[in-house]
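1. Sequence plus the predicted model coming up.
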Amino acid sequence: MAEALRTRGALLYRPGHVAISLGDRRTIEARGSAYGVNIFSANGRGWTSGALIPGLKYG
């Protein structure tokens with residue numbers, strides 16, 4: 001998880017939800033009609049795993 005939070009473009013997972021890491025402990029994600037698609041802090045959000053998409057280049 002620590003590496004995913006530091007990797008721009010990594011996917012973050014928790015039960016029922018996926019977000020994209022911005023690499024600086026923030027995410028871009030859709031959080032429903034009350035928030036829309038926006039940038040949010042990744043801290044304390046209960047992420048259980050992170051992954052890189054095969055074939056993409058991460059800088």
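-> Thanks, I have it.
2. does Leu5 sit in a helix or strand, and which one?
-> helix 2-6 (DSSP states H and E).
3. Quick check: buried residues in that helix?
-> 4-5 (16 or more other C-beta atoms under 10 Å). In short, each C-beta sits where N, CA and C put it, glycine included.
4. Centre of the chain to the helix or strand following that helix, how far?
-> The C-terminal neighbour of helix 2-6 among helices and strands, as given by DSSP H and E, is strand 11-14. For strand 11-14, the gap between its own C-alpha mean and the chain's C-alpha mean amounts to 6 Å (C-alpha atoms, centre = their mean, to the nearest Å).
5. ok, the helix or strand that strand 11-14 is followed by: who's next to it in the sheet?
-> Proceeding C-terminally, strand 11-14 gives way to strand 17-21 as the next helix or strand, assigned by DSSP H and E. Applying DSSP bridges, strand 17-21 is found paired with strand 11-14 (antiparallel), strand 26-30 (antiparallel).
6. can I get the CA coordinates of strand 17-21 in PDB?
-> Extracted as PDB, the C-alpha positions of strand 17-21 are listed here (Å, rounded to 0.1, in the frame of the first residue of the first chain):
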ATOM      1  CA  HIS A  17     -14.500   0.900  -4.300                       C
ATOM      2  CA  VAL A  18     -11.500   1.700  -6.500                       C
ATOM      3  CA  ALA A  19      -9.500   5.000  -6.800                       C
ATOM      4  CA  ILE A  20      -6.400   6.200  -8.700                       C
ATOM      5  CA  SER A  21      -3.400   7.300  -6.700                       C
END
